[in-house]
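**Student:** with the input below, show me the fold.
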Amino acid sequence: MLRLSEIPENLSTEQFWALVGDMEHEGLDFKRGVPDLTTVIPAMAMTDGGLIILGVQDDRAIVGCALSQNTLDRVMRQAHLCGVQVSLKEVTVSGVALTFVAVPEIRGRIVTTPDGRLVRRVGSDSQPLIGDVLGRFVREREGRSAEDEALPVFEPRDFDRSLINDALKREGKRTLDKTESLARGLIELDVALPSAPPADVQILRAAALVFAHEPSRFVEGATVQIVRRSGVGPGPGPSMARKELEGPIPHLLDQSLDFIAHHTSQLEAVVGARRIVLAEYPQEVLREALLNALAHRDYGLAGATVDVTIWDDRIEIQSPGPLPGHITLDNIRDEHYSRNRRVMRALKLLGLVEEYGEGVDRMIREMEARSMEPPGFSATSASVTVTLRNRFLVAVEDQVWLSLLGHFELSPSERRLLVLARHEGGVTPRRLRGLMPEMDINGLLRGAVAKGLVVRVGQAGGARYVLTDEVVMRAGASGLEAQSRKRQMLLDEIRLRGSVSTSEGADLLDEDMSVVRHLLNDLVRGGLAEAKGRTRARRYYLK
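**Tutor:** Sure thing, here's the model as predicted:
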C-alpha cells in the first residue's frame, strides 16, 4: 500500500493515475465526496489496509474534495465509530484538491462495522464473512503470528549480510557496509522493530526465517524434510533417498528444487531435427508450490516441518497449519491471505514472489500449458497439502509441439483439438463430440477459428477443421511431424529394448529399411543415439 508520506502534494493528472491506477481493488476505493465510509473502512482494516480517495467519481472524473474542516470531521467521526485510526492528506491533482484517507491494516483484534458486521475487501467490494469462515478468520486474526515473535538471543554473524543487502538494494535502500550494524537494514525490511532505549532493536522471527544462515536455531522445525519413495502408496513405501534441508527460505527453495530435479525424470522428444528435453514437472509449478508451503506455513507449530514426498506418479508438498484466515478450498484460487506478511514482503523484495495472491492461479495455468492434471489441494486442521501428478493428457512430443504455439494462450480443450487435428490431418465436429461429450463443440470450434488456430474446409456434413497456415508455420507441417513421430517411436524402442537394429526398426514402423536407417542416423546426428558395429551387425543404443 502507498504510504501518505510517499505521495507528493502536487501531481499532474497523468502522474496521479500512474501512481494509484484507475482500477479499484482491495486496497483502493474512489468516492465522489464523503459518503458513508463505515463499511469500507473496517473492510480495508480487516484485509491489507488501503487508500480511500475522495473527489473521484465512479467514471473516474476528478471532481475534487478538499480537506476542509467538514471533510476532516466527517471522516474522523466515521472512523471512530469503527475503531480505526485513519490518516488524511490533501493532494492537488492538476489544480483540483483531493483528500486521501489511509486506512491501516489492523491485526491482533477484530474491527467491525458500527452494526457489528465483520467485512473484508474482495476486489472492489466489501463482503461480509459468515459461518465457519467467520470463526476461522476471527481466531486467526486475533492470534499473533509466530513471525512477529522477537528472537531472545542472536549474533550478527548468524545472519547472511549478502541476502539482507540484496533485499535492501531491490527496495532502493542504502546497503549495509561490512562494519555497520544489521539493525537499520532489518528495520527497513520490516523484519525488526526499534525499541526503547533507541539503541535497542527487536529482531523478529521473520528475519531469521528469511535471512539467517540457520533459521532452525531460532525457529524449531524451520526445515524441509524431503524424501523419494518407490511406488505410489498407500502406506509409506520404501525410501530411495531422504534429506533434511536447512537454511533461509531462499536457500531451502533452491535445495528443494535441486533434490526434486535429481530424483525425477527428464522427458525427451524429437521435433523436426531438434532434441527437446522437458522436466517431469514444470519448474514454475514446483517453485510456486514450495514457496507457498514455506511462506504460508504456521511457524508457531514447534517442530513441525514442511514435508515433500516424491512418488512414482506424484509429488506431495505438505505444510504445517490449517488454511490461513478466510481461505478455503473453494476460494483458494481467487482469494489471498498471508499468515506471515513480513516473510512474504521480504521474499517479494528478493524477487521470489511476483504478485501476492497469484501463485495458485499461476500453478494451474502452467499445468494446463503442459496438458497435465491441475494441482490438487487438501486441508485439515493441522496441515495443507498440494499434490502434483505427472499424468499427461497428451504425449510428450505433442507437449513440445504445443509449446511452439504458446502466444495463443490455449485452453485445455483447444490443446486437445489441435493435437487431434495435427495427428488426423483435420477433425470433424462429430469426432470431437465423441471425445469431449461435456464440451460445447460448436463454441469451441468458433473460438478456435476466431483465434486463427483452425480453418473450416468443405460444406455441411462434409466439413472438417484443419490447422491454419500460421499454426503449421509456427509448429511444423504434418509431414515433418510424421517423421518426427517415427523418430520418437524408434527412440522409445531403443530405451525399452536397450538397442535396435535397422531391420527391427523397419518391422516396428512397417517402413523400408533405407528409410529407417535414415531416421536412426538422424537420432545419431541429434546426439540421442549412437551406432555400434558395421553394416548388417550395426545396432543403435541410447547416447
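
**Student:** span of stretch 225-234 from start to end?
**Tutor:** By Cα to Cα, to the nearest Å, the extent of stretch 225-234 from end to end equals 19 Å.

**Student:** what's the spacing between that stretch and its chain's center?
**Tutor:** Averaging C-alpha positions (Cα atoms, centre = their mean, to the nearest Å) puts stretch 225-234 25 Å from its chain's average.

**Student:** buried residues in that stretch?
**Tutor:** For stretch 225-234, a neighbour-count test (16 or more other Cβ atoms under 10 Å) marks 226, 227, 228, 229 as buried. C-beta coordinates here come from the backbone N, C-alpha and C atoms, glycine included.

**Student:** closest to residue 398 out of those?
**Tutor:** Lowest distance from residue 398 to these (Cβ to Cβ) belongs to residue 228, with 27.9 Å.

**Student:** who's in contact with the closest one?
**Tutor:** Neighbour list for residue 228: 239, 240, 241, 242, 263, 310 [criterion: Cβ atoms under 8 Å, 6 or more residues apart in numbering].

**Student:** which one of those residues sits in the busiest neighbourhood?
**Tutor:** Using other Cβ atoms under 10 Å as the neighbour test, those are led by residue 310, with 22 neighbours.

**Student:** quick one: contacts for it?
**Tutor:** 226, 227, 228, 229, 260, 263, 264.

**Student:** my read: residue 364 touches residue 332, true?
**Tutor:** No. If you go by Cβ atoms under 8 Å, residue 364 and residue 332 don't touch, sitting 10.2 Å apart.

**Student:** these two: which is more packed in?
**Tutor:** Neighbour count, other Cβ under 10 Å: between residue 364 and residue 332, residue 332 has more, with 18 against 15.

**Student:** buried sites along whichever helix or strand residue 256 is part of?
**Tutor:** Following DSSP states H and E, one finds residue 256 within helix 249-262. Within helix 249-262, the residues that qualify as buried are 249, 250, 252, 253, 255, 256, 259, 260, counting by 16+ other Cβ under 10 Å.

**Student:** can you check stretch 298-308 too?
**Tutor:** By neighbour count on 16+ other Cβ under 10 Å, the buried set for stretch 298-308 is 298, 299, 300, 301, 304, 305, 306, 307, 308.

**Student:** farthest-apart pair in those residues, please.
**Tutor:** The widest separation within the buried residues of stretch 298-308 (Cβ to Cβ) is 21.0 Å, between 300 and 308.

**Student:** between the contacts of residue 310, which is closest to residue 528?
**Tutor:** For the contacts of residue 310, the minimum distance to residue 528 (Cβ to Cβ) is 20.0 Å, reached by residue 264.

**Student:** would you map out the domains in the chain?
**Tutor:** 4-141, 148-217, 224-341+351-389, 404-475, 478-542 (automatic domain parsing).

**Student:** who wins for proximity to residue 397 among the ones you listed?
**Tutor:** Checking the domains of the chain against residue 397 by Cβ to Cβ gives domain 224-341+351-389 as the closest, at 4.3 Å.

**Student:** give me the mean pLDDT for the closest one.
**Tutor:** Mean per-residue pLDDT for domain 224-341+351-389: 88.

**Student:** what is the end-to-end distance of it?
**Tutor:** Using Cα to Cα, one end of domain 224-341+351-389 lies 20 Å from the other.

**Student:** and stretch 496-510, by the same measure?
**Tutor:** Start-to-end span of stretch 496-510 (Cα to Cα) is 18 Å.

**Student:** same question for that stretch, mean pLDDT?
**Tutor:** Mean predicted lDDT for stretch 496-510 stands at 87.
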